[in-house]
Structures are given as structure tokens and as C-alpha cells.
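Chemist: 3D model of this:
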Amino acid sequence: NVVRYPGGSYKESAILHKICQVTLHSLPAYLMDTMAYMMGKKPVMIRVVEKMHKAQKAIEYFATNEWAWSTDNVEKLNMELTEVDRQTFNFDLSALSWPDFIDDYVKGTRQFVFKEDLATLDQARRHSDKMFWIEKCLQILLFIVFGKLFTWLFC
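Modeler: Alright, predicted model coming up:
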């Protein structure tokens, strides 16, 4: 189950990134695992967060650099194909419906990578929507609390 609404943002500062990792990932994981331990349950969140940070580190170079590829050879090859070959080896992306592709990609990842049943997709979407609104309400509440604290300290 999702504990909070998934999201992320790009940080140009490595220090700011580390601060966000500690405050938004590590500290809540330690808190949840401490509570799980006190309730006699197996603590797992620290291990999950460590795996997540390891995965982030693995893709960091590729995610933070700009990449450009030439498609000249593919375009030349496509022009040389016969009509029969074009039907057999369809790699003309102009006809691709990107929204359908992304939908199939997400469903495939959910089913074959995460081993989750597609029958629970609507339930997962409802849970995700609920977590989104809970997070937004908490953000508003924190904004109000910090605003009150600021006016109390400086006004």
C-alpha cells in the first residue's frame, strides 16, 4: 500500500536533494519502523527507502544529463523497406497513439514487474486520489501553521 502520494521534483543543489531525502524519506521511514517495532511488527520502511535511494543514484547520471540521438539511419532504413516489410516491421512512430502506449506501459509494469492484479487498478486509483487530497490538505495545514508561527514571531 502507498503510504503517501508519489511524486518528485528535480533539485539542482546536491545539498538540497540530500536534505529532502533525509526529511521526506529517511526520517519518516525510521519513524514508521520504530512504530512498527513497538507494535511487534516487522520494520521494512528503512530497507525500502534505502533501495529507493540506491535506484535513484543508479539513474542519476542519465536523468540529469541531456541526451540527443540521431534517427538518420532509422529513417533511411524505413525508406528502403518494401510495403510487405513495412507491415511486418512496423516502426513508424507517427501512427503511435502515445496516450494508449503510456496506458499499456503502466499496466504492463504493474502486472509484470510489480506482480499486481489489474483487477485492483480502480481500487489503486481511488487510493491514489485519496492520498493526493490528504497530502494537499496537510500542505495547506502546514502552510497555515507556519504562517501563524511567522506572524507570531515577526509581527
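Chemist: identify each buried residue in the lengthiest helix in the chain, please.
Modeler: As assigned by DSSP state H, the longest helix anywhere in the chain is helix 121-154. Buried positions in helix 121-154, judged by neighbour count with 16 or more other CB atoms under 10 Å: M131. The C-beta positions use only the backbone N, C-alpha and C, and glycine is treated the same way.
Chemist: kindly report the same for stretch 29-37.
Modeler: For stretch 29-37, by 16+ other CB under 10 Å, it's 29, 32-33.
Chemist: does F91 touch D85 like I think?
Modeler: No. Checked against CB atoms under 8 Å, the pair F91 and D85 is beyond contact range at 10.5 Å.
Chemist: now do the SS call for A68.
Modeler: Under DSSP: H, G, I helix; E, B strand; the rest coil, the three-state class of A68 is coil.
Chemist: give me the distance between it and L153.
Modeler: As defined by CB to CB, to the nearest Å, A68 lies at a distance of 50 Å from L153.
Chemist: quick revisit: reformat the buried residues of stretch 29-37 as JSON lines; add distance to Y10, secondary structure and pLDDT.
Modeler: Below are those laid out as JSON lines (distance: CB to CB, whole Å; DSSP: H, G, I helix; E, B strand; the rest coil; pLDDT from 0 to 100):
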{"residue": "A29", "distance to Y10": "22", "secondary structure": "helix", "pLDDT": "94"}
{"residue": "M32", "distance to Y10": "26", "secondary structure": "helix", "pLDDT": "93"}
{"residue": "D33", "distance to Y10": "28", "secondary structure": "helix", "pLDDT": "96"}
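Chemist: of those, closest to I140?
Modeler: Set against I140, the nearest of the buried residues of stretch 29-37 by CB to CB is M32 (23.1 Å).
Chemist: show me the contacts for that closest one.
Modeler: Applying CB atoms under 8 Å, 6 or more residues apart in numbering to M32 gives the contacts 3, 43, 45.
Chemist: if you rank the residues you listed by neighbours, which is first?
Modeler: Using other CB atoms under 10 Å as the neighbour criterion, M45 leads these with 19 neighbours.
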